[in-house]
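S.K.: need a structure here:
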Amino acid sequence: MDRKNDSLRLMDGAGYKKIIIACDSYKGCLSSREVNEAIALGVKEWNEDDASPEIITLEMSDGGEGMLDAFLSAMKGERVRIHAHDALMRWIEAEYGIVDDTAIIEIAQTAGLALIEPEQRNPMKATSWGVGEMIMNAYRRGVRHFIVGLGGSATSDCGIGMLKAMGDDWKKIRRECSFVLASDVTNPLCGENGAAHVFASQKGADAKMVQMLDDRARKFAEVSAKHFGYDRSMVSGAGAAGGLGYAFLQYFNAEARPGAELLLDEIGFDALIQNADLVITGEGHSDKQTLMGKLPQRILEHGANQKIWLVSGGVSDRQVMLDAGFEEVIQITPDSMPLEKAMKPSVARNNIIKAIRRQFAL
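M.R.: Residues are numbered from 1 along each chain as shown. Just a heads-up that it's a prediction; the model follows:
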């Protein structure tokens with residue numbers, strides 16, 4: 001990360017010397033890196049002066065898709081590629097990261113919903129087996145600490161598939177390894193706010209299947225509680241990733257942390273933004289839920305003394321965002337543009353560049 005250019009003079013009018021860009025992905029459209037790069041290009045195209053500001057881009061994730069790239073970018077680790085199974089037990093190539101003695105596991109690499117064709121999605125059949133394969137591969141390499149991103153799953157199997165993939169080795173892993181879960185989901189495993197009732201319909205479940213999945217999760221939790229003598233099915237985050245959160249909490253004594261907070265801590269975000277003139281963050285769509293612990297809200301909290309812009313594909317409740325503390329709230333998609341067109345990567349990229357140029361020109 002280049003911080004040498006301390007001699008940058010103030011730009012005419014704007015006065016920005018250092019801009020931090022830290023956006024989440026626009027899911028299904030652009031990665032965090034691609035969003036950041038488009039914003040940076042918009043800044044550069046607006047200002048062609050030799051004294052353009054220092055721009056630092058930070059890949060971001062809340063624990064879902066893109067989490068592996070974000071953490072490896074921040075922590076400078078090794079990328080490991082393996083053969084594993086997706087949620088329908090089809091062979092795929094998957095990746096995880098190793099940083100010193102810690103593995104970075106993005107469960108969407110194997111159990112991801114995006115890997116399954118819409119007509120094939122069925123959480124009654126989908127399995128987390130591939131997550132177990134990634135963990136076992138890292139364990140056999142000598143890794144004993146894990147950061148696990150729980151997001152974007154196709155499964156609702158409570159981590160049973162993962163445990164089966166480990167065989168009897170799960171007992172050694174329980175004794176020898178530590179797990180930190182990166183997730184913003186706070187739902188319990190079972191009940192009306194549990195994994196099945198809240199998330200399974202997004203994965204292809206109908207109403208009957210939702211009830212069957214919830215019953216299955218409740219039964220698994222009862223059996224597990226008898227085995228261990230404690231029950232973590234109602235712990236915050238147990239319902240993450242179709243109950244994978246529960247499996248890690250119950251079987252491996254995992255610690256759950258908000259994914260965005262975990263990453264911001266790892267990259268030393270507070271120190272990075274201390275002398276920044278502007279911080280730009282964003283996500284695919286911003287609304288009231290943004291202020292319920294999503295990445296932009298976390299960045300807003302950390303940058304309480306900084307100017308922070310929110311740049312998102314779509315924006316609802318704009319005034320709520322402004323009242324929360326964002327200096328500017330920018331929707332990059334024109335209101336007249338159909339969503340199907342706006343979701344095309346090339347279109348979204350151009351929309352970002354245009355919106356940033358327009359905002360700086362005000």
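
S.K.: From now on I want contacts and neighbour counts done on CA atoms only, so please keep to that.
M.R.: Fine.

S.K.: Could you find the closest non-adjacent residue to Ser316?
M.R.: Spatial nearest neighbour of Ser316, excluding adjacent residues (C-alpha to C-alpha, 6 or more residues apart in numbering): Asp287 at 4.7 Å.

S.K.: so who does that neighbour touch?
M.R.: Contacts for Asp287 (C-alpha atoms under 8 Å, 6 or more residues apart in numbering) come out as Val315, Ser316, Asp317, Arg318, Met321.

S.K.: so how far is the longest helix along the chain off the chain centroid?
M.R.: The longest helix of the chain (DSSP state H) is helix 207-228. Centroid separation for helix 207-228 versus its chain: 27 Å, with C-alpha atoms, centre = their mean, to the nearest Å.

S.K.: Give the other helices and strands that it contacts.
M.R.: helix 195-199 (3 or more C-alpha pairs under 8 Å, 6 or more residues apart in numbering; DSSP states H and E).

S.K.: And the closest residue to Leu291 other than its chain neighbours, how close does it get to Gly268?
M.R.: Spatial nearest neighbour of Leu291, excluding adjacent residues (C-alpha to C-alpha, 6+ apart): Gln297 at 5.2 Å. Look at Gln297 and Gly268: by C-alpha to C-alpha, to the nearest Å, they are 17 Å apart.

S.K.: Which of the two has more residues huddled nearby?
M.R.: Legend: neighbour count by other C-alpha atoms under 10 Å for Gln297 and Gly268, higher for Gln297 (22 against 11).

S.K.: So which elements touch the host helix or strand of that one?
M.R.: Using DSSP states H and E, Gln297 sits within helix 295-302. Here helix 295-302 touches helix 259-266, going by 3+ C-alpha pairs under 8 Å, 6+ apart.

S.K.: Just want the angle from the helix it packs on to helix 295-302.
M.R.: 50 degrees (axes from the mean of the first three to the mean of the last three C-alpha atoms, to 10 degrees).

S.K.: for helix 259-266, the distance to its chain's centre please.
M.R.: Helix 259-266 sits 10 Å away from the centroid of its parent chain (C-alpha atoms, centre = their mean).

S.K.: contact partners of it?
M.R.: 60-63, 70-71, 74-75, 149, 181-184, 270, 294-295, 298.

S.K.: Mind doing that once more with 7 Å?
M.R.: Outside of helix 259-266, the residues within contact range by C-alpha atoms under 7 Å, 6 or more residues apart in numbering are Ser61, Asp62, Gly63, Phe71, Ala182, Ser183, Asp184, Leu295, Arg298.

S.K.: which one of the residues you listed is nearest Ser156?
M.R.: Ser183 (15.9 Å; C-alpha to C-alpha).

S.K.: which helices and strands sit right next to the helix or strand Ile352 falls within?
M.R.: Element membership of Ile352 [criterion: DSSP H and E] is helix 345-361. Contacts defined by 3 or more C-alpha pairs under 7 Å, 6 or more residues apart in numbering; DSSP states H and E place helix 345-361 against helix 32-46.

S.K.: Columns neighbour count, pLDDT and secondary structure on top of the contacts of helix 259-266, output as TSV?
M.R.: Output for these, formatted as TSV (neighbours: other C-alpha atoms under 10 Å; pLDDT from 0 to 100; DSSP: H, G, I helix; E, B strand; the rest coil):
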residue	neighbour count	pLDDT	secondary structure
Ser61	32	88	coil
Asp62	29	82	coil
Gly63	32	81	coil
Phe71	26	92	helix
Ala182	30	94	strand
Ser183	25	90	coil
Asp184	25	84	coil
Leu295	27	92	helix
Arg298	18	94	helix
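
S.K.: where's Ile129 relative to Leu295, distance?
M.R.: Heads up, residue 129 is Trp, not Ile. For Trp129 relative to Leu295 (C-alpha to C-alpha), the value is 29 Å.
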